[in-house]
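A.B. asks: here is a sequence together with a model predicted from it:
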Amino acid sequence: MAWDFSTEPEFQAKLDWADAFIRDEVEPLDLAFPHQEFNRPSPPLRRVIDPLKQRVRDQGLWACHLGPELGGQGYGQLKLALLNEILGRSSWAPIIFGCQAPDTGNAEIIALYGTEEQKRTYLQPLLDGEIFSCYSMTEPHAGSDPKMFKTRARREGGAWIIDGEKFFSSNARNASFLIVMAVTNPDVSAYSGMSMFLVPADTPGIEIVRHVGTMNEPLGEGLHGWIRYNQVRVPAANLLGVEGQAFEVAQARLGGGRIHHAMRTIARCKQAFDMMCERVLSRETQGTVLAQKQLVQAAISDSWTQIMQLRLLVLYTAWLIDQKATAGARKEISACKIEAARVIHDVVYRAMHIHGAIGVSNEMPLGNMWMLAPTMGIVDGPTEVHQVTVARQVLKEYGPSESIFPSAWLPPRIDEARARFATALEELAGNL
Ligand SMILES: Cc1cc2nc3c(=O)[nH]c(=O)nc-3n(C[C@H](O)[C@H](O)[C@H](O)COP(=O)(O)OP(=O)(O)OC[C@H]3O[C@@H](n4cnc5c(N)ncnc54)[C@H](O)[C@@H]3O)c2cc1C
């Protein structure tokens with residue numbers, strides 16, 4: 001019997017170290033440098049963060065998402081999930097631990113599909129935390145349906161010329177290179193007519209129209225690039241994978257990213273929940289603390305249960321990925337993504353509400369957490385698209401009824417059961 005929810009003591013010691021390190025050394029960075037460019041820190045900031053990164057390396061916790069062949073520890077997704085539940089408390093933590101999006105996913109696909117030359121040029125400095133990257137796929141007119149993308153790449157001698165527009169390319173302003181998805185053959189299905197390209201950020205023709213922000217940021221100061229690629233020329237050697245392979249590459253990238261988001265969301269839910277619990281035990285009204293009110297108790301109970309459900313789903317999915325890779329856990333990954341958005345929505349809303357006015361003020365961290373709820377429902381594919389994936393995968397395990405009536409229809413089943421136990425039923429009737 002191999003069901004066991006405990007963590008092995010050696011790794012628990014690492015988690016305990018990370019927990020204290022985040023609390024004492026990293027969370028203060030969020031307060032002192034909340035609006036700094038995480039990925040392109042200035043020299044004074046580097047003097048603060050580089051020693052912290054070194055301490056993470058000394059603990060063997062740098063770039064934990066990677067296998068040993070790429071300089072990681074090969075801990076696997078389950079251990080990563082436990083670590084991310086801690087790192088998710090801080091915006092700075094993924095940078096300090098070398099596992100920030102979108103670089104994690106980008107590194108993964110260069111490792112899987114890149115040539116040796118591409119790995120030397122782009123992957124190694126990325127893994128060392130010396131350069132940063134951008135993933136440029138969504139377009140202004142289409143996001144959830146990549147089959148609608150229009151950005152074109154045309155072959156011209158030894159080069160590809162990229163033309164088109166991309167939207168919400170996170171981290172474009174800090175990236176040294178961008179991974180761009182483009183149509184290379186419009187005459188075949190999009191599944192085999194699109195390709196990925198590695199594009200150095202200083203290539204002529206890259207025009208950043210605007211840095212789009214999320215709704216809690218000032219206009220034009222966000223991290224998400226709206227980019228025009230105007231006749232951007234890259235050498236043929238910058239094709240990532242083979243021509244026509246973009247869909248496969250994108251899938252390989254997004255599976256890991258989605259579950260990592262869900263892992264970190266648990267941390268934010270837990271933070272909001274901790275605040276809510278402290279508040280209900282502190283605030284008095286109508287003669288009792290809030291904790292004594294039954295409707296408040298329902299909010300605590302529902303929040304605890306939802307976080308627990310999400311956590312178990314995420315840990316199970318991480319375990320499954322360790323057994324079968326992301327391709328073997330598609331419905332579970334989508335389910336994690338859907339639930340992460342729902343649970344953070346519900347828990348943060350309750351936490352804000354129970355805090356009263358101060359909860360909706362800009363003097364509590366809850367406002368920034370609240371922003372995660374709509375974002376989690378959109379980023380890496382909206383909830384509905386993941387619901388479609390879950391439903392499709394689940395329904396593969398079922399077939400239609402053999403007649404016009406459902407197979408669970410009671411009359412024939414009762415007849416069959418009665419025929420099977422006819423003797424016993426007759427004896428029972430005779431004894432009456
Ligand atoms: C913070 C953030 C960071 C991002 N970073 C990146 C990045 O680095 N690189 C990148 O390429 N993209 C990035 N994106 C873009 C993201 O991947 C897209 O926003 C997402 O795929 C949805 O596309 P869309 O915004 O065009 O929405 P649309 O495709 O227009 O969908 C809008 C809505 O339509 C509904 N809908 C869509 N499809 C279906 C369906 N099949 N069934 C039912 N309803 C449906 C849903 O309600 C959905 O929310 C980022 C987005 C955010 C918010």
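C.D. replies: That came through fine. Numbering: from 1, shown residues only.

A.B. asks: residues from this protein in reach of the ligand?
C.D. replies: With CB under 6 Å from any ligand atom as the criterion, the chain meets the ligand at residues 102, 135-138, 142-144, 168-170, 214, 224, 375, 378-382, 384-385, 388. Bear in mind the C-beta positions are built from the backbone N, C-alpha and C, glycine included.

A.B. asks: looking at it, residue 243 is touching residue 184, isn't it?
C.D. replies: Yes: look at residue 243 against residue 184 with CB atoms under 8 Å: they come within range, at 5.6 Å.

A.B. asks: what sits against residue 261?
C.D. replies: Going by CB atoms under 8 Å, 6 or more residues apart in numbering, residue 261 touches 101, 337, 340, 376, 379, 380.

A.B. asks: of these, closest to the ligand?
C.D. replies: residue 379 (4.1 Å; CB to the nearest ligand atom).

A.B. asks: show me the contacts for that closest one.
C.D. replies: Per CB under 8 Å, 6+ apart, neighbours of residue 379: residue 261.

A.B. asks: swap in 10 Å and give it another go.
C.D. replies: The neighbours of residue 379, taking CB atoms under 10 Å, 6 or more residues apart in numbering as the test, are 101, 138, 143, 168, 170, 214, 257, 258, 261, 337, 341, 372.

A.B. asks: now swap in residue 84 and tell me
C.D. replies: So residue 84 contacts 18, 64-65, 77, 93-94, 97, 99, 259-267, 314, 318 (CB under 10 Å, 6+ apart).

A.B. asks: and for residue 32?
C.D. replies: 45, 48, 92.

A.B. asks: ok now the top helix by length along the chain, how far from the chain's centre?
C.D. replies: Looking only at the chain and at elements set by DSSP state H, the helix with the highest residue count is helix 246-282. Its chain's C-alpha centre and that of helix 246-282 lie 7 Å apart, by CA atoms, centre = their mean, to the nearest Å.

A.B. asks: again with stretch 142-158
C.D. replies: Relative to the chain's own centre, stretch 142-158 is displaced by 24 Å; criterion: CA atoms, centre = their mean.

A.B. asks: buried residues in that stretch, which are they?
C.D. replies: Residues 143, 146, 149, 151, 152, 153 are the ones in stretch 142-158 that count as buried (16 or more other CB atoms under 10 Å).

A.B. asks: for the residues you listed, which one is nearest residue 329?
C.D. replies: Nearest to residue 329 among the buried residues of stretch 142-158 is residue 146, at 21.0 Å by CB to CB.

A.B. asks: is it true that that closest one touches residue 191?
C.D. replies: Yes: the pair residue 146 / residue 191 is scored as a contact, 9.3 Å apart, by CB atoms under 10 Å.

A.B. asks: which residues do these two both contact?
C.D. replies: By CB under 10 Å, 6+ apart, residue 146 and residue 191 have these common neighbours: 246, 247.

A.B. asks: among the residues of the chain next to the ligand, which lie within helices?
C.D. replies: Using DSSP H, those in helices are 375, 378, 384, 385, 388.

A.B. asks: got those residues as a markdown table, with distance to residue 111 and pLDDT columns?
C.D. replies: Shown next, in a markdown table, are these (distance: CB to CB, whole Å; pLDDT from 0 to 100):
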| residue | distance to residue 111 | pLDDT |
| --- | --- | --- |
| 375 | 27 | 94 |
| 378 | 27 | 96 |
| 384 | 31 | 97 |
| 385 | 26 | 96 |
| 388 | 29 | 97 |
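
A.B. asks: which of those sits closest to the ligand?
C.D. replies: Nearest member of those to the ligand, counting by CB to the nearest ligand atom, is residue 384, at 3.4 Å.

A.B. asks: any idea how far the closest one is from residue 335?
C.D. replies: According to CB to CB, to the nearest Å, residue 384 and residue 335 sit 14 Å apart.

A.B. asks: what about those two, which has more around it?
C.D. replies: residue 335 (23 against 11; other CB atoms under 10 Å).

A.B. asks: does that one really touch residue 262, like I thought?
C.D. replies: Yes: using CB under 10 Å as the test, residue 335 is close enough to residue 262 to be in contact (9.2 Å).

A.B. asks: identify the contacts common to those two.
C.D. replies: Counting by CB under 10 Å, 6+ apart, the residues touching both residue 335 and residue 262 are 310, 313, 314, 317.

A.B. asks: tilt between whichever strand or helix holds the second one and helix 246-282?
C.D. replies: Counting by DSSP states H and E, the element that carries residue 313 is helix 294-324. If you take axes from the mean of the first three to the mean of the last three CA atoms, to 10 degrees, helix 294-324 sits at 150 degrees to helix 246-282.

A.B. asks: quick revisit: ok, and the most crowded of the contacts of residue 32?
C.D. replies: Ranking these using other CB under 10 Å puts residue 92 first, with 25 neighbours.

A.B. asks: so what's that residue closest to, chain neighbours aside?
C.D. replies: residue 29 (4.2 Å; CB to CB, 6 or more residues apart in numbering).

A.B. asks: and the closest residue to residue 119 other than its chain neighbours, how many residues sit next to it?
C.D. replies: Leaving aside its sequence neighbours, residue 119 sits nearest to residue 110 (CB to CB, 6+ apart; 6.2 Å). Using other CB under 10 Å, residue 110 has 28 neighbouring residues.

A.B. asks: which parts of the helix or strand harbouring residue 110 are buried?
C.D. replies: According to DSSP H and E, residue 110 maps onto helix 103-113. For helix 103-113, burial by neighbour count (16+ other CB under 10 Å) applies to 103, 104, 105, 106, 107, 108, 109, 110, 111, 113.

A.B. asks: so what pLDDT did the closest residue to the ligand within the chain get?
C.D. replies: Of all residues in the chain, residue 143 sits closest to the ligand, at 1.9 Å by CB to the nearest ligand atom. Listed pLDDT for residue 143 reads 93.

A.B. asks: residue 37 too?
C.D. replies: pLDDT, read off for residue 37, is 65.

A.B. asks: for residue 244, same thing?
C.D. replies: 97.
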